[in-house]
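In: Fold the following.
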Amino acid sequence: MKTEQSRDDDWSKLLVQVGSSQDRQAFERLFQHFAPLIKGFHHSRSSQVLSPEAADELVQEVMFRVWRKAPSFDPRKASANTWVYTIMRNCRIDFIRRNSRHVVDGEVEVDDIWDESPESQPFAVLQKSRNERDVAMGLRSLPAEQGHVIEKAYIEGKSHSEIAEELGLPLGTVKSRVRLALKKLHSVIKRAE
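Out: Have a look, this model is predicted:
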C-alpha cells in the first residue's frame, strides 16, 4: 500500500503558506511562476475556441481561486503544480461555457470539454500514460544541457533565476536553453501524436 507523503517542493510550501496565513509574498511568487504557465497553456489550446485576450482573464480567475481555495490544499494528496493545473482546467472549462458564442464553426477541442467523471478514468489513465511516454521520449532527445534545465524548471519547479544561480550560468543562457528545449519537445510530441 502506498503511504501518503507530504511534498516539500517550493511551490507546495508556498501554497501551504498562502492557505495557512494568507501570505501575500508567497502568493506573489506563486503568481509570478504560474501566470506565464497558465497563459502558455491557454495559447497552446485556444487557436479556435478563445481569443488570445482571454488569457489575462483566465489567469486572474485561476489565481483568484488559488488564493480562495489555498486553505484546502493538501500536499499529501497532490503537488502544487497538479493542484493549480486542475483549478486552471476547471476555470478554462467554465470560461468556455460562459463564452460559448466564441466557438468557431462549432469546433471545440477535447481538452476544452474533458470529462472528469469516474467513467472516464480508464481513458484518462491511458491518455496520461501516452503523454508521459511522449514527454519522456522528447526529454531523451534533448541535448544534456537543455534536458537539465527543463528538469530543474518543470520537475523541480525552480525559476529561471534559481536555475542560473544553481548551475552558475547567465540568466540569458538558462532562458535560451529552456526556450530551445521547449521548442524541440513541442516538435517531438507533435510528431508522436
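In: What segments of the protein are strands?
Out: Listed in chain order, the chain contains no strands at all (DSSP state E).
In: hey, which helix or strand in it has the poorest pLDDT?
Out: helix 121-141 (a mean of 67; mean pLDDT, DSSP states H and E).
In: Show me how the record splits the protein into domains.
Out: 1-114, 118-193 (automatic domain parsing).
In: now the ones you listed in JSON lines, with mean neighbour count?
Out: From N, CA and C alone the C-beta is placed, and that goes for glycine too. Below are the domains of the chain laid out as JSON lines (neighbours: other CB atoms under 10 Å):
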{"stretch": "domain 1-114", "mean neighbour count": "16"}
{"stretch": "domain 118-193", "mean neighbour count": "14"}
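In: Flag the shaky bits of this structure, pLDDT-wise.
Out: For the chain, the stretches with pLDDT under 70 are 1-8, 42-53, 99-131, 192-193.
In: Residue 39 and residue 59 touch, don't they?
Out: Yes. Between residue 39 and residue 59 there is a contact at 6.0 Å, judged by CB atoms under 8 Å.
In: Please compute how far stretch 58-66 lies from its chain's middle.
Out: Its chain's C-alpha centre and that of stretch 58-66 lie 13 Å apart, by CA atoms, centre = their mean, to the nearest Å.
In: how near is residue 135 to residue 154?
Out: 9 Å (CB to CB, to the nearest Å).
In: mind listing what residue 22 touches?
Out: Taking CB atoms under 8 Å, 6 or more residues apart in numbering, we find residue 22 in contact with 67, 70.
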